[in-house]
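# sequence plus predicted model, see below.
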Amino acid sequence: MAKITASVYTSHVPAIGAAMDLGKTQDDYWKPLFAGYDFSKQWMKAHQPDVIVLVYNDHATAFSLDMIPTFAIGTAAEYPPADEGWGPRPVPVVKGHQALASHIAQSVIQQDFDLTIVNKMEVDHGLTVPLSLMCGSLDPAHEAWPCPVIPLAVNVVQYPVPSGQRCLDLGQAIRRAIECYDEDLNVHIWGTGGMSHQLQGARAGLINRAWDKAWLDQLIHDPVACARVPHIDYVREAGSEGIELVMWLIARGAMSDIDQGQVIGKPPRLLHRFYHVPASNTAVGHVILENA
Ligand code: DHB
Ligand code: FE
């Protein structure tokens with residue numbers, strides 16, 4: 001059977017992708033940020049999954065105010081990198097896993113989560129920057145991402161956005177779906193976006209280190225309480241774009257210590273934790289958890 005072995009959490013910022021694409025990772029500004037991912041890249045190589053379920057948000061690239069799915073699962077064969085204004089990033093096309101994605105859609109919808117099915121989609125920095133951080137720079141002419149990816153897009157851009165509790169519950173439903181897929185696949189689930197940042201208005205530039213670090217503690221050690229953090233706390237404490245963090249709860253809910261909203265088993269092993277300010281306007285957090 002398929003099994004989730006690990007979850008990865010990381011912020012995304014378009015400037016991180018640009019720094020990699022333009023060869024600036026060793027510049028003074030960027031060096032400390034990329035150093036926080038050295039362990040992660042080695043770990044990815046040593047523990048290569050068969051599939052990644054990558055929870056991320058689209059930034060009005062594939063979707064727009066014309067159509068706003070709360071949760072959308074990609075069931076396509078491939079996802080080209082989107083042009084976000086400077087041409088598509090020079091990264092490999094993201095290959096999907098149609099059979100597992102269709103199975104997850106079937107199982108999760110039958111568990112009462114109404115996913116939108118997406119058969120054609122371009123992917124923006126929300127999906128490609130986490131892949132680049134974890135896999136390093138790849139030449140799209142000769143290289144590919146290490147495995148297929150199932151995109152799970154969450155609306156955290158236009159209110160109303162889903163609650164942390166809904167996200168934690170969806171993660172559990174995704175795990176149940178994966179565990180009844182009849183092929184021995186090693187699956188990773190990634191939660192991306194965040195941490196504190198606000199890109200607009202009077203509080204543009206807001207960063208809240210103390211709140212971010214306390215939230216990380218809770219995500220890792222007490223995810224059931226973390227899921228109860230209301231939206232208004234994210235917006236007040238982590239800025240208007242800090243709400244991207246609810247996506248991390250989908251990956252956390254998919255870990256094997258939680259079921260039916262309760263802690264039922266041994267906590268996952270914390271393999272890596274990193275926090276760095278700033279990357280562009282954003283506080284970068286990064287965690288790797290492995291199932292016990
Ligand atoms: C930045 C952060 C984001 O999450 C994003 O989607 C776009 C820009 C930033 O800090 O520049
Ligand atoms: Fe974002």
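Arrived safely, thanks for sending. Ligands and ions are numbered 1, 2, ... in the order given.
# all helices for this protein, in order.
Under the criterion DSSP state H, helices of the chain are mapped to 14-21, 31-35, 38-46, 98-110, 125-135, 164-179, 209-221, 223-226, 231-238, 248-253.
# and ligand 1, which of those helices is closest to it?
helix 14-21 (5.2 Å; C-beta to the nearest ligand atom). Bear in mind the C-beta positions are built from the backbone N, C-alpha and C, glycine included.
# contact residues of the stretch 101-250 of the chain facing ligand 1?
Neighbours of ligand 1 within the stretch 101-250 of the chain, by C-beta under 6 Å from any ligand atom: 197, 199, 241.
# run a quick neighbour tally on the last one.
Think Glu241. Counted with other C-beta atoms under 10 Å, the neighbours of Glu241 add up to 25.
# now Lys266
By other C-beta under 10 Å, the residues close to Lys266 number 10.
# in this structure Lys41 contacts Gly136, no?
Yes - Lys41 lies in contact with Gly136 (C-beta atoms under 8 Å); the separation is 5.3 Å.
# just to revisit the earlier point, turn the helices of the chain into a markdown table, columns for mean neighbour count and mean pLDDT.
As requested, these are exported to a markdown table (neighbours: other C-beta atoms under 10 Å; pLDDT from 0 to 100):
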| stretch | mean neighbour count | mean pLDDT |
| --- | --- | --- |
| helix 14-21 | 20 | 98 |
| helix 31-35 | 16 | 98 |
| helix 38-46 | 15 | 98 |
| helix 98-110 | 18 | 98 |
| helix 125-135 | 26 | 98 |
| helix 164-179 | 22 | 98 |
| helix 209-221 | 17 | 98 |
| helix 223-226 | 18 | 98 |
| helix 231-238 | 17 | 98 |
| helix 248-253 | 29 | 98 |
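# out of those, the one nearest Arg269 is which?
Closest approach to Arg269 among the helices of the chain is made by helix 209-221 (10.4 Å; C-beta to C-beta).
# hmm, who's touching that closest one?
By C-beta atoms under 8 Å, 6 or more residues apart in numbering, the residues outside helix 209-221 that reach it are 9, 195-196, 225-226, 229, 237-238, 245, 248-249, 252, 267, 270, 273, 275, 277, 283, 285, 287, 289.
# that one to helix 164-179, inter-axis angle?
40 degrees (axes from the mean of the first three to the mean of the last three C-alpha atoms, to 10 degrees).
# by how many degrees do helix 209-221 and helix 231-238 diverge?
Going by the same axes, to 10 degrees, helix 209-221 makes 130 degrees with helix 231-238.
# show the contacting residues for whatever residue of the stretch 1-150 of the chain ends up closest to ligand 1.
Nearest residue of the stretch 1-150 of the chain to ligand 1 (C-beta to the nearest ligand atom) works out as Val13 at 4.4 Å. Contact analysis of Val13 by C-beta under 8 Å, 6+ apart lists 125, 129, 279-282, 284.
# just the buried members of those residues?
125, 129, 279, 281-282, 284 (16 or more other C-beta atoms under 10 Å).
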